[in-house]
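Trainee: Below is the structure, and that's it, no one-letter string:
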């Protein structure tokens, strides 16, 4: 028996080539034979350049896209839940945090409605007062205080960091066991990024969550993840304990990623 909560085995995803007529057999393979397992209390980082397939993997694991081949297992059992009640049940275990916190929140809905809707859909509360109290608890859980001040606000009234914390609270409302964090800090100011990553790290430890952390930032992958997978052109080309991958990269692509990463110790040319 596997100790993974969520696992992908030999996952492949093909899309129809852009610009080709409907019915054309031309396909683009965005994800090629990718396997990844997520365990309780551990963070797995998925790193690579834009277009390498990282976000597609996250969307496949979230069951937002159908996969072409391979399988996804939840608690060791194959699962395919793309719609209806099966999808709702799946979302009770697996939640996703998107890159852009403004685009992922409906601008017409107040924060209280955003959180309350998730609580009601997943049967976590039954009355208006229960929903309000649980929403306040979630806001405090992500360090948005005084929580009462945020319930009646719209997303545009919050800063980028506050919106992303609301996105985390919304994900937690379903009481999931897995979080898929798709570049959760890349749209935030540098000064706010560490706060959000520290929050996710605290949730991982305190809630025993399994987290997939997708990022371009090798430094944060080393600091916040237990295992790092490097993707290149849709395939995983290197994997291992994060510190080992960063300290002693074996694949040429990983070496080039590290060489291209900014190093504050380097002196700028004068």
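Mentor: Looks like it came in fine. No experiment lies behind these values; they were computed from the predicted model shown. Residues are numbered from 1 along each chain as shown.
Trainee: any idea where the strands of the stretch 1-150 of the chain begin and end?
Mentor: 6-16, 27-38, 43-47, 69-74, 77-78, 94-97 (DSSP state E, counting those that start in this stretch).
Trainee: Packing partners of the host helix or strand of residue 228?
Mentor: In this assignment (DSSP states H and E), residue 228 forms part of strand 227-232. Helices and strands touching strand 227-232, by 3 or more CB pairs under 8 Å, 6 or more residues apart in numbering; DSSP states H and E, are strand 43-47, strand 235-241, helix 242-247, helix 252-260. For glycine as for every other residue, the C-beta is placed from the backbone atoms N, C-alpha and C.
Trainee: Please name the strands paired to that strand in the sheet, noting orientation.
Mentor: Strand pairing for strand 227-232, determined by DSSP bridges: strand 43-47 (parallel), strand 235-241 (antiparallel).
Trainee: How far off centre is the last one?
Mentor: A distance of 18 Å separates the C-alpha centroid of strand 235-241 from that of its chain, computed with CA atoms, centre = their mean, to the nearest Å.
Trainee: Likewise for the first one?
Mentor: On the basis of CA atoms, centre = their mean, the separation between the geometric centre of strand 43-47 and that of its chain is 10 Å.
Trainee: Determine the angle, from 0 to 180 degrees, between that strand and helix 252-260.
Mentor: Counting by axes from the mean of the first three to the mean of the last three CA atoms, to 10 degrees, strand 43-47 points 90 degrees away from the direction of helix 252-260.
Trainee: any residues touching strand 43-47, and which ones?
Mentor: 36-38, 54, 57-58, 200-201, 204, 210-218, 221, 224-231, 242, 257 (CB atoms under 8 Å, 6 or more residues apart in numbering).
Trainee: how far off strand 27-38 does it point, in degrees?
Mentor: Using the same axes, to 10 degrees: strand 43-47 against strand 27-38 is 160 degrees.
Trainee: oh, and call the first residue 19 from now on, that's how I've got it
Mentor: Got it, first residue is 19 now, which makes that one strand 61-65.
Trainee: average pLDDT for strand 61-65?
Mentor: Taken as a whole, strand 61-65 has a mean pLDDT of 96.
Trainee: if I look at the residue lying closest to residue 49 once chain neighbours are set aside, how far off is residue 233?
Mentor: Of all residues not flanking residue 49 in the chain, residue 31 sits nearest, at 4.1 Å (CB to CB, 6 or more residues apart in numbering). Taking CB to CB, to the nearest Å as the measure, residue 31 falls 20 Å from residue 233.
Trainee: Kindly report the same for residue 242.
Mentor: Distance from residue 242 to residue 233, by CB to CB: 9 Å.
Trainee: Would you report the backbone torsion angles of the residue most central in space within the chain?
Mentor: Closest to where the C-alpha atoms of the chain average out (CA atoms, centre = their mean) is residue 199, at 1.6 Å. In terms of degrees, to the nearest 10, the main-chain angles of residue 199 are phi -100, psi 100.
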